[in-house]
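Participant: Below are the sequence and a predicted model; questions follow.
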Amino acid sequence: SAVISQKPSRDICQRGTSLTIQCQVDSQVTMMFWYRQQPGQSLTLIATANQGSEATYESGFVIDKFPISRPNLTFSTLTVSNMSPEDSSIYLCSVQRDYEQYFGPGTRLTVT
Amino acid sequence: AQSVAQPEDQVNVAEGNPLTVKCTYSVSGNPYLFWYVQYPNRGLQFLLKYITGDNLVKGSYGFEAEFNKSQTSFHLKKPSALVSDSALYFCAVRGSGNTGKLIFGQGTTLQVKP
């Protein structure tokens, strides 16, 4: 299995500001994934983060809005930039190990 | 393109009765299929997966799922529902490339009434 922690667990932010979310895994993984879950919605993949290379973004998500860092094999950050109320969501970090996919507890973001 | 459909927004079941939460998928190649459960204000918990082999997969908390290739379905089942099973359930698929990218269904709320 994999134990994933995220910081912060929740935050309330003002429009126009940025928030950086941290994800820590208990052991090394090649790929880390960032998902978004908007209120009452399903999960959508934002990007895949590999150590040592730029993140790969899914359609509808851009690096300027969601910059990602992956400095080592156990850690990643996702920044939500220039926030608007539409960014209010739960952001989840995820890793794959063998054939299973594990998720962090999520960061609940509210933008006012 | 890969996709997952959960045709029911909500399923209502009486405690002690069997439950089924439906999921159909579309993917090229052999699918990797997953079920997750999300309780209010909690993270996503893994229930079970189908990779290969037996079509009936057993998972956590007494849940099981049946893979049906001809119907491209992966329905979640439990013989006897508990009130504590009430939660939001997600079906997900990963394509045969096993890249780790999961495509999620829209979710089904299971309500088990005493």
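Facilitator: Yep, that arrived.

Participant: who in chain B is up against chain A?
Facilitator: Applying CB under 8 Å from any CB of the partner chain, we find that chain B lies next to chain A at B:32, B:34, B:36, B:41-44, B:46, B:49, B:51, B:90, B:92, B:94, B:98-107. (C-beta placed from N, C-alpha, C; glycine too.)

Participant: got a list of what B:L110 touches?
Facilitator: Residues in contact with B:L110 (CB atoms under 8 Å, 6 or more residues apart in numbering or on different chains) are B:10-11, B:13, B:19, B:21, B:81, B:85-89.

Participant: Compare those and tell me which is most surrounded.
Facilitator: B:V21 (25 neighbours; other CB atoms under 10 Å in any protein chain shown).

Participant: Helix, strand, or coil at the closest residue to that one other than its chain neighbours?
Facilitator: In space, and not counting its chain neighbours, B:V21 is closest to B:L76: 4.2 Å by CB to CB, 6 or more residues apart in numbering or on different chains. On the three-state scheme (DSSP: H, G, I helix; E, B strand; the rest coil), B:L76 is labelled strand.

Participant: Tell me which residues touch B:L76, please.
Facilitator: B:19-23, B:35, B:47-48, B:63-65, B:89, B:91.

Participant: Out of these, flag the one nearest to A:Y35.
Facilitator: Set against A:Y35, the nearest of the contacts of B:L76 by CB to CB is B:C91 (15.1 Å).

Participant: Return, as residue ranges, the portions of the chain with sub-threshold pLDDT.
Facilitator: As the question left the chain open, I've gone with chain A. Counting by pLDDT under 70, not a single residue of chain A qualifies.

Participant: Oops, wrong one, chain B.
Facilitator: Looking at chain B by pLDDT under 70, you get B:95-100.

Participant: Let me see the ranges of the strands in it.
Facilitator: Taking DSSP state E, the strands of chain B run over residues B:3-5, B:10-14, B:19-21, B:24-26, B:32-38, B:44-50, B:56-58, B:64-68, B:73-78, B:87-94, B:103-104, B:108-113.

Participant: closest one to A:I63 among those strands?
Facilitator: Nearest of the strands of chain B to A:I63, taken as CB to CB: strand B:103-104 at 21.9 Å.

Participant: quick one: strands adjacent to that closest one?
Facilitator: strand B:87-94 (antiparallel) (DSSP bridges).

Participant: Would you mind listing what in chain A touches chain B?
Facilitator: Residues of chain A lying near chain B by CB under 8 Å from any CB: A:31, A:33, A:41-45, A:48, A:92, A:94-96, A:99-106, A:108.
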